[in-house]
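J.: structure for the following, please:
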Amino acid sequence: MSLTLKTTACFCLLCWCFIVEAGTKDIVIERVDIRHDNGRYVLDADITYSLSGVAREALHKGVGLTLKLAIAVLRPRPLIWDQVIIKKQRRYYLSYQALTDQYRLNIDDSALIQNFPNLESALAAIGTVRDIAVPLFDRGVRENDEYVGVRAWLDIESLPVPMRLRSYIWPDWRHNSGWYRWRANP
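T.: Predicted structure coming up:
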């Protein structure tokens with residue numbers, strides 16, 4: 001393989017990685033606030049979700065989407081990924097009901113199911129996070145370098161297998177906010 005061909009292949013691979021990364025910012029964590037309330041620490045967050053055309057089409061054709069929210073106390077490490085001290089996840093299952101033309105939202109497999117007249121209001125409800133207990137927060141911020149991380153993403157592992165294979169390849173399925181870092185004020 002010639003040097004020019006290797007250089008071109010590396011350049012194409014690098015461009016593809018940027019394209020894949022560009023498709024991952026469809027979820028934006030706008031604000032995170034942690035406060036002390038009745039002897040425990042609770043988290044409030046505002047998250048903006050916007051689904052790609054492919055995800056919207058799948059939702060309208062009867063495929064339910066699982067969106068996840070992770071709250072973790074993390075400690076940075078110099079050479080590898082940050083150490084997770086404790087982590088809590090919340091799961092949102094969003095589906096479309098064609099007969100009633102409504103969107104259904106189920107949080108953490110609870111019996112409570114909410115109905116919404118449009119997708120925007122359902123995504124706004126998912127993005128309004130209030131009074132979530134932060135686990136072991138007192139212990140987690142004793143060291144100066146520890147922080148609370150919040151991350152939201154579309155769980156492609158919960159898709160049906162034929163769609164899951166496509167979601168591994170196409171960046172339109174990668175909805176991920178990345179970790180939002182929140183540190184306690186000294």
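J.: for the spatially closest residue to residue 121 that is not a sequence neighbour, which three-state class applies?
T.: Distances taken as Cβ to Cβ, 6 or more residues apart in numbering place residue 103 nearest to residue 121, at 7.8 Å, with adjacent residues excluded. Bear in mind the C-beta positions are built from the backbone N, C-alpha and C, glycine included. Secondary structure, DSSP: H, G, I helix; E, B strand; the rest coil: residue 103 is strand.
J.: contacting residues around residue 103?
T.: By Cβ atoms under 8 Å, 6 or more residues apart in numbering, the residues touching residue 103 are 94-97, 115-119, 121-122.
J.: in the chain, where is pLDDT below threshold?
T.: 1-25, 135-144, 184-186 (pLDDT under 70).
J.: quick one: the helices in it?
T.: Ranges of helices within the chain are 3-22, 53-60, 119-127, 137-140, 161-169, based on DSSP state H.
J.: number of nearby residues for residue 36?
T.: By other Cβ atoms under 10 Å, 10 other residues sit near residue 36.
J.: that one bridge partners, please.
T.: residue 41 (DSSP bridges).
J.: now swap in residue 75 and tell me
T.: Assigned bridge partners for residue 75, using DSSP bridges, are residue 83.
J.: for it, what are its contacts?
T.: 82-83, 85, 143, 145-146.
J.: roughly how far does it sit from residue 176?
T.: To residue 176, residue 75 is 22 Å away according to Cβ to Cβ, to the nearest Å.
J.: surely residue 76 meets residue 82?
T.: Yes. Taking contacts as Cβ atoms under 8 Å, residue 76 lies within contact range of residue 82: 5.1 Å.
J.: okay, now the residue nearest to residue 43 when sequence neighbours are not counted: neighbour count?
T.: Residue nearest to residue 43 in three dimensions, not counting chain neighbours: residue 132, with 4.6 Å by Cβ to Cβ, 6+ apart. If you count neighbours by other Cβ under 10 Å, residue 132 ends up with 17.
J.: got a list of what residue 132 touches?
T.: Counting by Cβ under 8 Å, 6+ apart, residue 132 touches 42-45, 71, 88, 90.
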